[in-house]
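1. Need a 3D model of the following:
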Amino acid sequence: MHIAVAGNIGSGKTTLTRLLAKHYSWSPHYEDVDDNPYLNDFYEDMQRWSFNLQIYFLNSRFSQIVEIRRKGEAVIQDRTIYEDAHIFAPNLHSMGLMSTRDFDNYTNLFNLMSSLIQPPDLLIYLRATVPTLVNQIQKRGREYEKTIRIDYLQRLNERYEAWIESYKMGNQLIVEVDNLNFSENPADLRSIINRIDALLYGLF
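-> Numbers count the residues shown, from 1 in each chain. This is a model prediction of the structure:
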């Protein structure tokens, strides 16, 4: 079983992935942030490093999916390969931060990779407004995220909404993050778990 958690920067993907992995005894696969050699450079000069960063993430997530299918374990994944291709790379291209040549190259590579993989059995989308995202980003205090602009987060949110509305590859669960605190409130986490159980196991 392959579960994936999707959402904008600061929406709580890593936290929910960790909590659900513990509850269900799923094997967690986290986004490669700490060891990413391009992330700091990207936030300092997006135009110079956008293609490098997106190719790194594409390779990392494709490798994760291959490993997930090879092992056949129950896995929960922090962010999907589809978000890179449908949200982050197109956004960089539309903002003039990735050239058309690089974007076309990236898209062709993604199309090849996506033809070789299966989508997750359940996609959990964490929907959050920009103020919530900003608050969460500030709370975790990552140095390289201090330069993220409000309009950048808003553009990503708009693309996320368009993507999730058109997502037809499998079961999806939309979680409204603004009114939840699943990291500290057990009742909020339980409400998400109950909805997951209903989709996966037909309970409730």
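2. residue nearest the centroid of the chain?
-> Among the residues of the chain, the one closest to the centroid is R79, at 2.7 Å (C-alpha atoms, centre = their mean).
3. Is that residue in contact with R61, as I believe?
-> Yes - R79 sits in contact with R61 when judged by C-beta atoms under 8 Å, with a separation of 7.2 Å. Using the backbone N, CA and C atoms, a C-beta is placed for each residue, glycine as well.
4. who are the neighbours in contact with the residue nearest to the centre of the chain?
-> A4, V5, A6, G7, K13, E31, R61 (C-beta atoms under 8 Å, 6 or more residues apart in numbering).
5. same deal with I117?
-> F62, I65, V66, R69, I81.
6. So it, which state does it fall into?
-> Look at I117: counting by DSSP: H, G, I helix; E, B strand; the rest coil, its state is coil.
7. Identify the farthest-apart pair in the contacts of R79.
-> Using C-beta to C-beta, the pair of the contacts of R79 lying farthest apart is G7 and R61, separated by 14.8 Å.
8. how about the helices of this protein, start to end?
-> Counting by DSSP state H, the chain has these helices, from start to end: 13-24, 39-44, 46-71, 81-83, 89-94, 100-114, 130-140, 150-166, 186-201.
9. ok, and which of these has the densest surroundings?
-> Neighbour counts (mean count of other C-beta atoms under 10 Å) averaged over each of those peak at helix 81-83, with a mean of 22.
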